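# sequence plus predicted model, see below.
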Amino acid sequence: MICTQPEAPRSSIDASIEKRLRSVEKGNRCAQKHIREISDNDLVSELQLAMCGERSMTIKVLHRLNEMSRRRLYLKLGYSSLFDYCTRHLKYSASAAHAHRVAGTISSHSVRGA
């Protein structure tokens, strides 16, 4: 995954994220070599673990988007809305940004109601 430079002013946080992404990309290349050599059972197990990790990461993303929205941080970063931030800076498609916004709204109501 290669990210393009965000339209908002770059910060040290952006540089840190890009460094992490390069590290993940390198790890992904190693994982591709590994995945071809593992047994069918191990592949199924690793897929299940990856799905758990994906769900966990999605929840983290939603919580952070909710907090960005609560703080209206996207305005400080030069975006007109959280949707605008998600599509222009995070490079989500319009439908993915909308789905994250809806899911985040639902999860924030669930947390408050609990």
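Right, received. Where do you want to start? Residues are numbered from 1 along each chain as shown.
# what's the mean pLDDT across stretch 93-102?
Stretch 93-102 shows a mean pLDDT of 82.
# with stretch 49-69 instead?
For stretch 49-69, mean pLDDT rounds to 90.
# now that stretch: buried residues?
Residues of stretch 49-69 classed as buried: L62, L65, N66, M68, S69 (neighbour count, 16 or more other C-beta atoms under 10 Å). For the C-beta atoms, the positions are set from N, CA and C on the backbone; glycine is no exception.
# quick one: the first one from A97, how far?
It refers to L62. Distance of L62 to A97, computed by C-beta to C-beta, to the nearest Å: 12 Å.
# again with the fourth one
The span separating M68 from A97 equals 12 Å under the rule C-beta to C-beta.
# straight-line length of stretch 83-96, end to end?
End-to-end distance for stretch 83-96: 10 Å, by C-alpha to C-alpha, to the nearest Å.
# so G78: helix, strand or coil?
coil (DSSP: H, G, I helix; E, B strand; the rest coil).
# can you report how many residues lie near it?
14 (other C-beta atoms under 10 Å).
# tell me the predicted confidence for it.
95.
# from I35, how far out is it?
Distance of G78 to I35, given as C-beta to C-beta: 40 Å.
# with A97 instead?
A97 sits at a distance of 30 Å from I35 (criterion: C-beta to C-beta).
# and the strands in this protein?
Assigned by DSSP state E, the chain shows no strands.
# among A97 and I35, which residue is more densely surrounded?
Taking neighbours as other C-beta under 10 Å, A97 and I35 compare with A97 leading, 21 against 12.
# show me what contacts the closest residue to the more buried one other than its chain neighbours?
Closest residue in space to A97, ignoring its immediate chain neighbours: C86 at 3.8 Å, by C-beta to C-beta, 6 or more residues apart in numbering. For C86, the contact set (C-beta atoms under 8 Å, 6 or more residues apart in numbering) comprises L65, Y92, A96, A97, H100, R101.
# closest one of those to D40?
Proximity of the contacts of C86 to D40 was ranked by C-beta to C-beta; the top entry is A96 with 31.8 Å.
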